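> Turn this into a structure:
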Amino acid sequence: MRKTYDTMILGCGEAGVFAGYELIRRNPGMKVLIVDQGQDIYHRSCPIVAGKVRECIDCKVCHTMCGFGGAGAFSDGKYNFTTAFGGWLTDFMPEQEVMELIDYVDEINTAHGATREVFSTETPAAQALRKKALEFDLHLLQARVKHLGTENNLRILTNLYEDLRRDITFQFNTAVTAIRQAEGGYCLETADGDQYLAKFLIAAPGRSGAEWFAQQCRQLGLPMTNNQIDIGVRVELPALIFEHITDVVYESKLIYRTKQYGDQVRTFCMNPYGHVVAENVEGIHTVNGHSYSDPKLRSENTNFALLVSNHFTEPFDEPYRYGKHIASLSNMLAGGVLVQRFGDLVRGVRSNAHRMGKSTTHPTLTAAVPGDLSLALPKRQLDDIIEMIYALDKLAPGTANYDTLLYGAEVKFYSARLKLSTHLETSLPNFFAAGDGAGITRGLAQAGASGVRAARAITQRIQGA
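Predicted coordinates:
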């Protein structure tokens, strides 16, 4: 089968969804195709989340990572109004323009059911918390944030899908095997032998397609540069310990520079009263966290990631592969996600079922296997994490309790970054890239903003012709 469209979007995550939304809004009647290897929003169902299995069964296509809404669909929906983190769009455009795009995407979300409640680090209570953190050399980043909630996030995306499906052609369950230049535009070749052609292409493959997309870019001769990779653990402890922080700012981004190595460690993706969950990234089991808006769905624990940022220099050029290797070690040891009590880690003993049974903090990811993180994570990163936990213990006493749980490994893969113009266009004409898979964003807000930016550039080119 061979079909032609005006514009094609590769990937149906946050960037792809909002690129499609903006194209249709500004170009009524445009023939737009969005291709994704996952399912539509109604048929995305992780067997673990559905309660059918306890452990990841390695579905051919991961429902948590792929499909309409991408990896963000099953996240707890933190929407950050900032350029301080969540991506690097300010490398391509002024900060004010990035913020305008972030606000614009938020308006669309709100029109489709998102909350209007915003947590801010600019309130007197938040500023007092920021000052207290500085006493312990912890730096609280300032940002406004909305907590959409896992269940509400799905509802927002469902409403968006219903709006878009009337005007956009979606091709789900479709694995693209190659991107080619063809006939004054681009061709997407699929595993089924089909071909889709268009003059304009927006590549938004998301995190799950990042490594594949990098290979395609190399074959097309598109220059790329290494990005960082973050390696760490997910911490779970009683919600009461962080309540004085999460009640004020909800998502506290705390940065610490270790004294031993001078490395940067940060908290990430904080989930008050949340649940630790497993993810499958191209066959590698990693860990993440969710939290719900509905009090009935909450747990007694709070979880968050502690991540050590790693930047690589020449000649090494495979940070993505390095991160997958680290995560695979914990998979090898535990058959999936590994969990250890902080006290056991410090003492140098392996957590086992007997020791875990004595823990006063009960794991929300019951499928995690007790083990020894020191056999999976590099010593330097583990030393950084331990030092950070003791620093956090000064701000939130109880963080360094013996029974604090550490899940591993948590790895944030940031794709190799394409060389792009201010309009997010590659060196090939009419070929744009957006979102996490292109290595320019790492969160809902900037991913959506990047999709809108690329769509507006195409619109200007069409309407200016």
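
> Residue 198 belongs to a strand, doesn't it?
Yes - Residue 198 forms part of a strand when assessed by DSSP: H, G, I helix; E, B strand; the rest coil.

> hang on, it packs against residue 10?
No - in this structure, residue 198 is not within contact of residue 10 by C-beta atoms under 8 Å, at 10.4 Å. In short, each C-beta sits where N, CA and C put it, glycine included.

> And the two? Which one has more around it.
Neighbours per residue (other C-beta atoms under 10 Å) separate residue 198 from residue 10, with residue 10 holding more: 27 against 24.

> any idea how far residue 287 is from the more buried one?
28 Å (C-beta to C-beta, to the nearest Å).

> Let me see the domain layout of this protein.
Annotated domains of the chain cover 2-118+147-224+417-464, 229-413 [automatic domain parsing].

> among the ones you listed, which is nearest residue 125?
Shortest distance between residue 125 and the domains of the chain, using C-beta to C-beta, is found for domain 229-413: 4.8 Å.

> Could you list the low-confidence segments of the chain?
Residues of the chain meeting the criterion pLDDT under 70: 47-57, 150, 226-227, 282, 312-314, 316-318, 413-416, 465.

> remind me, longest helix of it?
Using DSSP state H to define each element, the chain has its longest helix at helix 444-464.

> quick one: buried residues of it?
By 16 or more other C-beta atoms under 10 Å, the buried positions in helix 444-464 come out as 444-459, 462.

> do the same with stretch 301-320
In stretch 301-320, counting by 16+ other C-beta under 10 Å, buried: 301, 302, 303, 304, 305, 306, 307, 308, 309, 310, 319, 320.

> Next, count neighbours for the residue lying closest to residue 168 once chain neighbours are set aside.
The shortest distance from residue 168 to any non-neighbouring residue, by C-beta to C-beta, 6 or more residues apart in numbering, is to residue 32 (4.8 Å). For residue 32, the number of neighbouring residues by other C-beta under 10 Å comes to 24.

> now residue 32: how far from residue 454?
13 Å.

> Report the contact partners of residue 20.
Counting by C-beta atoms under 8 Å, 6 or more residues apart in numbering, residue 20 touches 9, 32, 34, 164, 168, 451, 455.

> Which ones among those map onto strands?
9, 32, 34 (DSSP state E).

> Report the beta-bridge partners for the residue nearest to residue 168.
residue 7 (DSSP bridges).

> Residue 283 versus that one, what's the distance?
For residue 32, the distance to residue 283 equals 31 Å [C-beta to C-beta].

> Then residue 378?
Taking C-beta to C-beta, one finds residue 378 at 22 Å from residue 283.

> okay, the two: which has more neighbours?
The neighbour comparison of residue 378 against residue 283 (other C-beta under 10 Å) goes to residue 378, with 14 against 11.

> if I read this right, that one contacts residue 326, doesn't it?
Yes - judged on C-beta under 8 Å, residue 378 makes contact with residue 326 at a distance of 7.2 Å.

> How many neighbouring residues does residue 383 have?
Residue 383: 16 neighbours (other C-beta under 10 Å).

> Check residue 424 too.
27.

> Helices of the stretch 151-300 of the chain, start to end?
Applying DSSP state H, counting those that start in this stretch to the stretch 151-300 of the chain gives helices spanning 210-219, 239-249.

> Identify whichever of those lies nearest to residue 339.
Within the helices of the stretch 151-300 of the chain, the stretch nearest residue 339 is helix 239-249; the backing value is 17.9 Å (C-beta to C-beta).

> Which secondary structure elements does the closest one sit against?
strand 119-120, helix 124-134, strand 301-310 (3 or more C-beta pairs under 8 Å, 6 or more residues apart in numbering; DSSP states H and E).

> please redo it, this time with the cut-off set to 7 Å
When contacts are defined as 3 or more C-beta pairs under 7 Å, 6 or more residues apart in numbering; DSSP states H and E, helix 239-249 packs onto helix 124-134, strand 301-310.

> Format these as JSON lines; extra columns: distance to residue 240.
Shown next, in JSON lines, are the helices and strands packed on helix 239-249 (distance: least, C-beta to C-beta, whole Å):
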{"stretch": "helix 124-134", "distance to residue 240": "16"}
{"stretch": "strand 301-310", "distance to residue 240": "9"}
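
> Relative to residue 279, which of these is closest?
For those, the distance to residue 279 is smallest for strand 301-310, at 12.0 Å, taking C-beta to C-beta.

> Can I get the closest one in CSV? Just the C-alpha atoms.
The C-alpha trace of strand 301-310 is given here as CSV (Å, rounded to 0.1, in the frame of the first residue of the first chain):
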residue,chain,number,x,y,z
ASN,A,301,4.2,6.5,50.8
THR,A,302,5.9,9.1,48.8
ASN,A,303,8.4,8.2,46.1
PHE,A,304,10.9,10.1,44.0
ALA,A,305,13.9,9.5,41.9
LEU,A,306,17.5,10.4,42.9
LEU,A,307,19.5,10.8,39.7
VAL,A,308,23.2,11.4,39.1
SER,A,309,23.9,13.3,35.9
ASN,A,310,26.6,11.8,33.6
